[in-house]
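Peer 1: Quick one, structure for this:
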Amino acid sequence: MSDLLSTQTLLALSFVGSLVGTAFVLSRTQLREGTSSKSKNIFVWLAFDCLCHLTLEGSFLYLSTFGRTINASNGFFATLWKDYARADARWGFSDPTVVSLEILTVLGAGPLAGYCAYLISVDDPIYHFWVVVLSVAELYGGFMTFAPEWLTGNKFLNGSDFLLMWVYLFFMNMAWVVIPFYLIYDSYVVIAANVARQGSLYAVAAAPASKSRSKKRS
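Peer 2: Below you'll find the predicted structure:
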């Protein structure tokens, strides 16, 4: 266990935990009284998603561009990423596919996740459109992060122990698969119900006019 939970690993996991804690505090301070439990949980995820993209992945992007690499860098965030790079070596040497996706993630998905969290806090229904955009982008990003590696024989992945395989490679990546799929489904249900409702209202409103035209023809 001491080999698994090194100081480097504890720092990495603690930082992720602090982001979750910050997202939870934001949900307590930014959401209106009476907000549903589902909306609170989604807000926490989106706030965490935003913070993770902008801070953790933002630091990776900075340390992986203009000739810099995680493996050759020092400092707090370099230490966190060196630990994750034990599971996926591409994050240590600035793999161009990973860095390209992280540019989109940090500059696009991060701010959009924060915007979606804000839309929940003000109860704006346009949230459902933007969260679908965000979720599709994150699913695409996850697929393009791992598909090239799967197609080339997983030569840079290392699942040799529980932490690397099930915490870093599985859990910390599957969260960005399962939750976006749920958010897409949740918003689909809301959007479909509203489209059906609007269709019914249109049909009711159009019925008198249709009857009037029929009488005139007769």
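
Peer 1: Contacts only, for V98.
Peer 2: Applying Cβ atoms under 8 Å, 6 or more residues apart in numbering to V98 gives the contacts S64, R90, W91, T145. Where C-beta positions appear, they are placed from N, C-alpha and C, glycine not excepted.

Peer 1: Roughly how far does it sit from F43?
Peer 2: 29 Å (Cβ to Cβ, to the nearest Å).

Peer 1: do N71 as well
Peer 2: Counting by Cβ to Cβ, the gap from N71 to F43 is 36 Å.

Peer 1: higher neighbour count, these two?
Peer 2: F43 (23 against 16; other Cβ atoms under 10 Å).

Peer 1: Residues contacting the helix or strand where that one lies from elsewhere in the structure, which ones?
Peer 2: Element membership for F43, per DSSP states H and E: helix 37-51. Outside helix 37-51, the residues that touch it by Cβ under 8 Å, 6+ apart are 19-20, 22-24, 26-27, 30-31, 35, 109-111, 113-114, 116-117, 120-121, 131, 138, 179, 183, 186.

Peer 1: tell me the mean pLDDT for it?
Peer 2: For helix 37-51, mean pLDDT rounds to 98.

Peer 1: can you check stretch 131-151 too?
Peer 2: Mean pLDDT, stretch 131-151: 97.

Peer 1: and it, which residues are buried?
Peer 2: V131, V132, L134, S135, A137, E138, G141, G142, T145, E149 (16 or more other Cβ atoms under 10 Å).

Peer 1: My understanding was that the fifth one contacts L107; is that so?
Peer 2: No. With contacts counted by Cβ atoms under 8 Å, A137 stays clear of L107, the gap being 11.5 Å.

Peer 1: where does the protein have its least confident helix or strand?
Peer 2: helix 172-217 (a mean of 82; mean pLDDT, DSSP states H and E).

Peer 1: And the helices in the protein, which stretches?
Peer 2: Assignment of helices within the chain using DSSP state H yields the ranges 7-30, 37-51, 58-63, 76-85, 96-104, 110-121, 127-151, 162, 172-217.

Peer 1: tell me which residues in the second one are buried?
Peer 2: Spelled out, it's helix 37-51. In helix 37-51, counting by 16+ other Cβ under 10 Å, buried: S39, I42, F43, V44, W45, L46, A47, F48, D49, C50, L51.

Peer 1: quick check, nearest of these to L13?
Peer 2: F48 (14.2 Å; Cβ to Cβ).

Peer 1: number of nearby residues for the residue lying closest to that closest one once chain neighbours are set aside?
Peer 2: Among residues not flanking F48 along the chain, A23 sits closest, at 3.9 Å (Cβ to Cβ, 6 or more residues apart in numbering). As a burial measure, A23 scores 20 neighbours (other Cβ under 10 Å).

Peer 1: ditto for A72
Peer 2: For A72, using other Cβ under 10 Å, the count is 12.

Peer 1: Tell me how far S135 lies from D49.
Peer 2: 10 Å.

Peer 1: does A109 really touch L139, like I thought?
Peer 2: No. Counting by Cβ under 8 Å, L139 is not a contact partner of A109; they are 10.9 Å apart.
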